[in-house]
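Colleague: Here is the input, now give the coordinates:
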Amino acid sequence: MNIQAKTAAPSADISEKQEKTSSGFKAEIFRRYFRVVHALFAVLLLVQLLPDKLKTETYASYVIWFAVGVEVLTLVVSAFIKKRESLNLFVDIVAFVYALLTAWTLATAKFDLLKAALFPPPGKVFWQFIGDYDKILTNVQSSAGIILQGYLLAIAAAIPLGLFLGWSARLGSAATYISKFLGAIPPIVYIPYGIALLPTFRSVSVFVIFLATFWPVLGGTMSGVMNVEKKTIDSAKVLNVNKFTMLFSVILPASLQQIFIGCNQGLTVSFVLLTSAEMVGAQSGLGYYIKNYSDFGDYTRTIVGLIVVGIVIVFISFIFNRIQKFLLRWKQ
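Modeller: Reported below is the predicted structural model:
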């Protein structure tokens, strides 16, 4: 009897562990794949089956294919993302996209509540996007090239200058007020001078982006340097480090958080100014694409341009935030 009892006890423990493992696996599957976002996907597809009240072509099949593609991506991402917070953020964004497309479809194609010339149905926007893919890609490359060129030039100039100015308390205090004064002037007002002095409108745009980024980064760098803890500098002085090492190996890492604040401000303003500058006199770029077609009353392409601008800004901001997180990982 004792032998049978001892044999049965481990078997019961193993069975209980298997049940717990199976229960946990089922709970994890349910948490990852049974979400409101998938219900919204189904609603979006069902809405496409409703009869169109709009008399023109609505291209509903493009919305369906887009939604199916996003849903497949959501299922794949749900299988690989480990962190619950990251997964929740991703599916929440997708859910918002589904809800927006559903409301947009109902207000345009299905019930014709909005003026069709100004607010085309989403299917027509997707159709136009595919038709203008080559033009859009060329304009994205033009805008991204201008942003990167002006932004990187400004960072390369502002950070070293900010380190040297901030290192001197007297120079730093005076330079802070000067940078605030010059940074308060909207860079777009320099466009007439840029057109008069520079050879091409592209160089004018780069110059505007440079100014939009330079002053926030310079101010952030000087602020970071002047607020470095004294004990950090004293510890470096004990080691008899030279000035170059002090600035770039001690002061610069300690100032990175403030520098990134200035870089973020510069990046945000740069996007706004680039689009505005391209609307003034450029022959390429996303701002030019939007302005050119809006002048002809082609609001389908105008909405396409607006969406692409948003996607490009989100993508560049995401890359920038990843770089910032990597360089500041030691603070976490």
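Colleague: which residues of the chain score low on pLDDT?
Modeller: The model of the chain has pLDDT under 70 over residues 1-33, 281, 330-332.
Colleague: same thing but at 50, please
Modeller: Flagging of the chain using pLDDT under 50 yields the residue ranges 1.
Colleague: So which residues of it form strands?
Modeller: When secondary structure is read from DSSP state E, the chain shows no strands.
Colleague: the longest helix in it is where?
Modeller: What stands out as the longest helix in the chain, according to DSSP state H, is helix 133-167.
Colleague: quick one: buried residues of that helix?
Modeller: Applying a neighbour-count criterion of 16 or more other Cβ atoms under 10 Å, one finds 136, 139-140, 142-144, 146-147, 149-151, 153-155, 158-159, 161-167 buried in helix 133-167. From N, CA and C alone the C-beta is placed, and that goes for glycine too.
Colleague: What of stretch 100-116?
Modeller: Taking 16+ other Cβ under 10 Å as the basis for neighbour counts, the residues of stretch 100-116 that come out buried are 101-102, 104-105, 108-110, 116.
Colleague: Next, give me the two most distant ones among these.
Modeller: Maximum pairwise distance in these, criterion Cβ to Cβ, is 18.3 Å, between 102 and 116.
Colleague: Next, the contact list for residue 327, please.
Modeller: Listed by Cβ atoms under 8 Å, 6 or more residues apart in numbering, the contact set of residue 327 reads 256, 260.
Colleague: cool, and residue 313?
Modeller: Counting by Cβ under 8 Å, 6+ apart, residue 313 has contacts residue 271.
Colleague: Please apply the same query to the one 4 residues further on.
Modeller: Residues in contact with residue 317 (Cβ under 8 Å, 6+ apart) are residue 267.
Colleague: Tell me the spacing between it and residue 324.
Modeller: Computed with Cβ to Cβ, to the nearest Å, the distance linking residue 317 and residue 324 is 10 Å.
Colleague: again, but for residue 201
Modeller: 31 Å.
Colleague: Ok, residue 212 next?
Modeller: When distance is defined by Cβ to Cβ, residue 212 is 19 Å away from residue 324.
Colleague: Over to residue 127?
Modeller: Between residue 127 and residue 324 the distance is 38 Å, computed by Cβ to Cβ.
Colleague: ditto for residue 229
Modeller: Relative to residue 324, residue 229 is positioned 21 Å away (criterion: Cβ to Cβ).
Colleague: Neighbour count for these two, which is higher?
Modeller: For residue 229 against residue 324, the residue with the higher neighbour count under other Cβ atoms under 10 Å is residue 324, and the figures read 17 against 9.
Colleague: Next, the contact list for the nearest residue to that one once chain neighbours are set aside, please.
Modeller: Nearest residue to residue 324 in three dimensions, chain neighbours excluded: residue 260, at 5.0 Å (Cβ to Cβ, 6 or more residues apart in numbering). Residue 260 makes contact with 220, 324, 327-328 under the criterion Cβ under 8 Å, 6+ apart.
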